[in-house]
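1. Can you look at this prediction? I've put the sequence above it.
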Amino acid sequence: MTMASEHPRANLQPLTLHIPEPKFRPGDAVDFAEVDVPPAGEARRPDTADKASDFIDLAYTLVRVLDDDGNAVGPWDPKLSPDVLRRMLRSMALLRAFDERMFRAQRQGKTSFYMKALGEEAVAVAAAYALDYEDMCFPSYRQQGLLIARGWSLVDMMNQIYSNTADRLGGKQLPIMYSVKEAGFFSISGNLTTQYPQAVGWAMASAAKGDTRIAATWCGEGSTAEGDFHSALTFATVYRAPVIFNIVNNQWAISSFSGFAGAEATTFAARAVGYGIAGLRVDGNDALAVYAATEWAAERARTNQGPTLIEHFTYRAEGHSTSDDPGQYRSEGEPNAWPLGDPIKRLKDHLIAIGEWDEERHAAQDKELAEQVKAAQKEAEKNGILGHGLHQPLESLFDGVFEEMPWHLKEQRQQMLDEESASGRPWDIKA
């Protein structure tokens, strides 16, 4: 028998691989002219009861409400009252002030790690306003705006960042990986996209019990390449789970751009088309568009129409974290050149355009919020900061894993305590 490989076909060109390359590198001039930004108000708004196959086009365009003049236009305008708009703006500004102070705290050695949401404030804050407080959120690590929009204590959040004596998680989580059951905020995981199947499971349980609460979850665009993402969508599709999938497409992972997750081939909202579920691609820097899309998806979930996948098209203006230097892999001109602008400025300009806000009040609010965050920081630091020693009893290292500690862990804990006691180190230990 003759194998095909024994007779090379010289007339064929050799195969090649496509290696994605970002458009701009350090030192390059930036031009986002190729980014397609359709006019605000152009995208149609289907009924929440329509079949997903009837509006596939919405996975490839951009749902936008705020135009370049600050006006809210088109069928997706949620027509929010000025009071709600001002509260939303305040929450976004508070998130930015909180991020800035905690970023500086990390640079001062008060904590080991921090991640800012600069440029992405609308994604979490506007969604929080569109969801019910009782709905369960399964966030990634840049959705601290959910807690801030839900009015959670800044001091409590800072205690977790500092891993101090008042840290509700006992120093067992990386800073910024909050867990607040009381505010419907599921524990953040450093492992990518674990929250997606967790959200689907929670949503399925809610439906199985005949509850009325829905789930919402967030991940970055790079995380759509994880297996958990696709497992979650499969279960949600099959069982029509009442869940909202949010993909935060901020163009960059730690140092690799969105092309490595498939952005060159299609949109991330198009993932929904293959699963037969509703898909929307939204201007993630437009707080009204994010609110409207989330409200629409929530109504769809509550009326048993199944899940919705929303791609929030935005831009990470800062580094991935305090451990990252974006100047090493992308042009410094990108954040300022991003065509969808700044989410806080756009909402501020809208309120000014409708006569419900002004620059003086905005500046006064920024000052007030900066003082509020500063006061919270002083309060949290009374409970300790990084480098001030062990903030929890050493024996608590073994707590929080099992409801009843198994015998072998009890033995290990006692061995640890005995060794520490014998060493003479000044840990706060208990026999």
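-> Nice, I can see it. Numbering: from 1, shown residues only.

2. Where does pLDDT dip in this structure?
-> 1-8, 389, 425-431 (pLDDT under 70).

3. residue ranges for the helices of it, please.
-> 82-107, 121-130, 145-149, 154-162, 195-208, 227-239, 271-275, 287-302, 334-337, 343-353, 359-381, 407-423 (DSSP state H).

4. Show me the one of the ones you listed that comes nearest residue 47.
-> Among these, helix 287-302 comes nearest to residue 47, with 9.5 Å by C-beta to C-beta. (Each C-beta comes from the backbone N, C-alpha and C, glycine too.)

5. May I see the buried residues of that closest one?
-> By 16 or more other C-beta atoms under 10 Å, the buried positions in helix 287-302 come out as 287-301.

6. For that helix, name the packing helices and strands.
-> Helix 287-302 sits against helix 82-107, helix 121-130, strand 243-249, strand 278-283, strand 308-313, helix 343-353, with contacts defined as 3 or more C-beta pairs under 8 Å, 6 or more residues apart in numbering; DSSP states H and E.

7. if you set the cut-off to 6 Å instead, what comes out?
-> Judged by 3 or more C-beta pairs under 6 Å, 6 or more residues apart in numbering; DSSP states H and E, the packing partners of helix 287-302 are helix 121-130, strand 278-283, strand 308-313.

8. Show me the contact partners of the last one.
-> Which is strand 308-313. For strand 308-313, contacts defined as C-beta atoms under 6 Å, 6 or more residues apart in numbering pick out 123, 244-249, 268-269, 272, 278-282, 284, 293, 297, 300.

9. Any idea how far it is from the middle of the chain?
-> 12 Å (C-alpha atoms, centre = their mean, to the nearest Å).

10. just the longest one next, same as before
-> Here the centre of mass of C-alpha atoms in helix 121-130, compared against the chain's by C-alpha atoms, centre = their mean, lies 10 Å away.

11. quick one: it to strand 278-283, angle?
-> 130 degrees (axes from the mean of the first three to the mean of the last three C-alpha atoms, to 10 degrees).

12. ok, and for stretch 30-48, which residues are buried?
-> 30, 40, 41, 43, 45, 46, 48.

13. try stretch 312-331
-> Within stretch 312-331, judged by 16+ other C-beta under 10 Å, the buried ones are 312-322, 324, 326, 329-331.

14. Out of those, which is nearest to residue 204?
-> Closest to residue 204, out of all of the buried residues of stretch 312-331 and judged by C-beta to C-beta, is residue 312, at 24.2 Å.

15. follow-up on the earlier one: which members of the buried residues of stretch 30-48 are the farthest-apart pair?
-> For those, and using C-beta to C-beta, no pair is farther apart than 30 and 48, which are 38.6 Å apart.

16. now residue 167: how far from residue 304?
-> 40 Å (C-beta to C-beta, to the nearest Å).

17. ah, wrong one, I meant residue 267
-> Counting by C-beta to C-beta - residue 267 and residue 304 are separated by 27 Å.

18. Pick out whichever of the two has more residues nearby.
-> residue 267 (21 against 10; other C-beta atoms under 10 Å).

19. and residue 216, what does it touch?
-> 137, 244.

20. Offset the numbering so it begins at 42, please.
-> Renumbered: residue one is now 42, and that last one reads residue 257.

21. ok, and what's touching stretch 268-277?
-> Contacts of stretch 268-277 (C-beta under 6 Å, 6+ apart): 234, 235, 237, 238, 241, 284, 316, 348.

22. Apply 10 Å and report the result again.
-> Contact with stretch 268-277 is made by 179, 232-242, 244-245, 256, 258, 260, 264-265, 267, 282-286, 288, 302, 312-313, 315-318, 347-350, as judged by C-beta atoms under 10 Å, 6 or more residues apart in numbering.

23. Report the separation between the residue lying closest to residue 428 once chain neighbours are set aside and residue 194.
-> Leaving aside its chain neighbours, residue 428 sits nearest to residue 150 (6.5 Å; criterion: C-beta to C-beta, 6 or more residues apart in numbering). Remark: distance between residue 150 and residue 194 (C-beta to C-beta) = 24 Å.

24. Those two: which has the busier surroundings?
-> residue 194 (14 against 10).

25. Show the contacting residues for the closest residue to the more buried one other than its chain neighbours.
-> Setting aside the residues directly before and after it, residue 194 is nearest to residue 417 in space (C-beta to C-beta, 6+ apart), at 7.9 Å. For residue 417, the contacting residues are 139, 142, 194, 195, 196, 197, 198, 199, 200, by C-beta under 10 Å, 6+ apart.

26. Adding distance to residue 121, write these out as a markdown table.
-> As requested, the contacts of residue 417 are arranged in a markdown table below (distance: C-beta to C-beta, whole Å):
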| residue | distance to residue 121 |
| --- | --- |
| 139 | 23 |
| 142 | 29 |
| 194 | 26 |
| 195 | 25 |
| 196 | 29 |
| 197 | 28 |
| 198 | 26 |
| 199 | 30 |
| 200 | 33 |
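
27. can you pick the most crowded of the residues you listed?
-> Most crowded among these, counting by other C-beta under 10 Å, is residue 199 at 28 neighbours.

28. you'd agree that residue is up against residue 415?
-> No - the criterion here is C-beta atoms under 10 Å, and residue 199 misses it with residue 415 at 11.2 Å.
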